[in-house]
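Visitor: Pasting the sequence and the predicted coordinates here, then a few questions.
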Amino acid sequence: MPDTSHQSQMTLQAQPQPPTEPSSYAMTVREARALFNTRIDDGVCCPVCQRHAKIYRRKILSQMAWALMTVYREAQCEWVHLPSIQPSVMGNGGSFAKLRYWQLIESGPDRHAGIWRITELGEAFIQRQVVVPKYVQTYDGQNLGYSGSDTVSIDDALGTRFVYDELMRGI
């Protein structure tokens with residue numbers, strides 16, 4: 001008969017470790033909600049559905065401001081299929097789409113992929129007429145509100161990486 005004691009030890013070692021969080025089966029919905037809400041700012045695994053959840057604090061990055069101005073140069077505030085006019089705008093990890101959190105852009109009426117336009121607020125931001133909140137808090141693709149009282153202009157958002165006058169030349 002073959003020796004299986006070594007095999008049994010290896011099987012026991014490969015077993016998953018018990019969770020460090022209280023089991024969702026052992027808590028009430030109220031307790032699960034409280035645990036979830038106390039940890040969501042830093043990121044938490046939902047004790048009910050096991051989905052990762054986090055509130056993100058975002059700001060307008062220089063490449064986002066560049067993309068906004070690039071689209072404005074091409075289409076002003078008209079509906080446009082972004083990959084058709086400027087593929088590099090879409091190639092920045094989806095950060096262009098995050099400008100919707102500040103209401104600087106909006107997606108197409110049927111929410112088709114890649115169809116966007118710059119809003120009136122976005123145009124005013126580009127033309128240096130308004131500033132917008134520096135930070136926005138988002139959760140699950142939704143704007144939860146603005147964080148703090150700091151604001152940012154198009155020039156602030158462009159930083160030292162891009163020159164406003166060069167981007168606006170010819171408009």
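Guide: Happy to help now that I have it. Numbering: from 1, shown residues only.
Visitor: wait, Y101 sits on R58?
Guide: Yes: here Y101 reaches R58: they are 6.5 Å apart, a contact under CB atoms under 8 Å. In this view, the C-beta of every residue, glycine as well, is placed from N, C-alpha and C.
Visitor: Please identify every residue contacting each of those two.
Guide: Shared contacts of Y101 and R58 (CB atoms under 8 Å, 6 or more residues apart in numbering): V136, T138.
Visitor: Give me the most central residue, the chain.
Guide: Taking CA atoms, centre = their mean, the centroid of the chain lies closest to K98, which sits 5.6 Å from it.
Visitor: per-residue confidence at that one?
Guide: pLDDT, K98: 91.
Visitor: just A53 next, same as before
Guide: A53 is assigned 78 on the pLDDT scale.
Visitor: ok, and what's touching stretch 140-150?
Guide: A53, I55, R57, R100, Y101, P133, K134, Y135, V136, Q137, T138.
Visitor: for stretch 96-109, which positions count as buried?
Guide: Using 16 or more other CB atoms under 10 Å as the test for burial, stretch 96-109 gives F96, A97, K98, L99, R100, Y101, W102, L104, I105, E106.
Visitor: For E123, state which of the residues you listed is nearest.
Guide: Distance to E123 across the buried residues of stretch 96-109 (CB to CB) is lowest for L104, with 8.8 Å.
Visitor: is it true that the closest one touches A67?
Guide: No: in this structure, L104 is not within contact of A67 by CB under 8 Å, at 10.6 Å.
Visitor: what about stretch 52-65, distance to the chain center?
Guide: With CA atoms, centre = their mean, to the nearest Å as the basis, stretch 52-65 stands 5 Å off its chain's centre.
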